Structure formats: C-alpha cells, structure tokens
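Participant: Please work out how this folds:
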Amino acid sequence: MKKQQWFKQAIVVGMCTTIGLSTLMVTGAGTAPVAAASVTSSSTGQKVVNFGKNYLGTRYQFGASTSTTRYFDCSSFTKYIFAKYGVNLPRTSVAQSKVGTSVSKANLRPGDLVFFSSGSRANGRNVTHVAVYAGNGKILHTYGSPGVTISDLNSGNWKRTYLKARRVL
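Facilitator: Purely as a prediction, here's the structure:
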C-alpha cells in the first residue's frame with residue numbers, strides 16, 4: 001500500500017474511532033481483516049526494500065555466490081534480501097519468475113518481483129533479469145555498474161524490456 005493511501009486509511013480509522021464507531025474495528029466487522037492483511041504484506045514488502053537499500057553500491061558480479069554479500073548478481077540479491085523475511089526464492093531469475101502469483105504492472109506493490117528481458121542474453125521474451133519493485137515507479141536491483149541501485153521502471157531500458165511481475169509475499 002502506498003504511503004498516501006496508508007495515511008488516508010489512518011485518517012478514516014481515526015475519524016471512525018473519534019465518532020464512536022471503534023466497535024467495528026474491535027469486532028472485525030466490515031472489511032478490517034482484509035485491510036489488515038493488505039497492510040501486513042505491503043509493510044513486509046517495504047521492509048524487504050528497505051533492507052535491500054542497505055546494499056546500495058555493492059558491486060555486481062554475474063554468477064555471484066549466495067554465501068557472500070560483498071557482491072551480488074540480480075537473482076542472488078533478491079534471494080538474499082527476501083530470505084531475511086522468510087521467503088526462500090530459487091537461485092536464478094528464470095526460476096524466480098515462476099514462483100508466487102502474477103501481478104499486473106498497474107497493481108505493483110513494494111516487494112513484488114519484476115522481470116525483464118535485457119542484456120546480452122535477451123531475446124525480448126526470455127527472463128534475464130529480476131528486480132524488486134520499490135514503490136513510486138522505482139525498482140531496486142543490481143547490474144553492471146553501479147551495482148545495487150534504484151532505477152525508474154517506467155523509462156529507458158527498463159520500460160522497454162519489462163516482461164512481467166510476481167508477488168511472493
């Protein structure tokens with residue numbers, strides 16, 4: 001859930017409590033359980049992104065070992081940051097592109113995996129790169145130079161080579 005949406009929801013909840021409708025929240029009537037589940041998975045996604053940001057600038061190395069944080073390739077990076085939150089992803093971007101559930105580009109949430117066909121091994125249809133959606137049209141990932149970085153999903157190479165997204169949280 002985006003910050004702006006979260007703030008709107010918090011204001012509505014506060015207003016309901018103020019005018020004496022707190023019983024709805026306590027009893028779980030209405031849609032409160034659904035909203036709570038959405039906030040939980042979204043906040044975990046934001047935690048994954050925030051944890052991954054600790055590695056900004058860490059250099060890229062194709063085929064990087066999953067036992068080091070001195071360098072990453074795209075899929076070892078996603079595997080590592082999701083593992084901290086109990087999600088055991090497969091090792092390669094191709095295998096990662098087959099787990100979780102499909103999500104449209106319009107419905108991306110922080111923590112969703114996004115996949116691309118880019119680079120020297122790309123043919124426009126095959127998965128060759130994975131990133132984590134960071135919110136506000138940004139992705140957190142690693143490739144070449146500068147290593148772990150944040151890029152704009154909706155421009156340049158990433159807009160052109162986008163294939164699909166999967167939700168694993």
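Participant: any weak-confidence spans in the protein?
Facilitator: 1-42 (pLDDT under 70).
Participant: Any idea which residue is closest to the centre of this protein?
Facilitator: Residue closest to the mean C-alpha point of the chain, counted by C-alpha atoms, centre = their mean, is residue 111 at 1.9 Å.
Participant: My guess is that residue contacts residue 46. True?
Facilitator: Yes: using C-beta atoms under 8 Å, residue 111 makes contact with residue 46 at a distance of 6.8 Å. Glycine gets a C-beta too; all of them are placed from N, C-alpha and C.
Participant: So which residues of this structure form strands?
Facilitator: Along the chain, counting by DSSP state E, strands occupy 59-60, 71-72, 101-102, 113-116, 129-135, 138-143, 147-152, 162-167.
Participant: Partner strands of the longest one, with direction?
Facilitator: Read it as strand 129-135. With DSSP bridges as the test, strand 129-135 is paired with strand 113-116 (antiparallel), strand 138-143 (antiparallel).
Participant: how about these, which one is nearest residue 69?
Facilitator: strand 138-143 (11.5 Å; C-beta to C-beta).
Participant: separation between residue 45 and residue 54?
Facilitator: 16 Å (C-beta to C-beta, to the nearest Å).
Participant: Who has more neighbours out of the two?
Facilitator: More crowded of residue 45 and residue 54, by other C-beta atoms under 10 Å: residue 45, with 25 against 10.
Participant: among the strands paired with strand 129-135, which is nearest residue 155?
Facilitator: Among the strands paired with strand 129-135, strand 138-143 comes nearest to residue 155, with 10.7 Å by C-beta to C-beta.
Participant: Between strand 162-167 and the closest one, find me the angle.
Facilitator: For strand 138-143 against strand 162-167, the angle by axes from the mean of the first three to the mean of the last three C-alpha atoms, to 10 degrees is 110 degrees.
Participant: isn't residue 169 right up against residue 89?
Facilitator: No: between residue 169 and residue 89 there is no contact under C-beta under 8 Å: 11.2 Å.
Participant: OK, contacts around the residue nearest to the centre of the chain?
Facilitator: By C-beta atoms under 8 Å, 6 or more residues apart in numbering, the residues touching residue 111 are 41-42, 44-49, 132-133, 167-169.
Participant: Can you name the residues that contact residue 96?
Facilitator: For residue 96, the contact set (C-beta under 8 Å, 6+ apart) comprises 75, 78, 79, 89, 90, 113, 115, 130, 166.
Participant: what's the distance between the last one and residue 102?
Facilitator: To residue 102, residue 166 is 6 Å away according to C-beta to C-beta.
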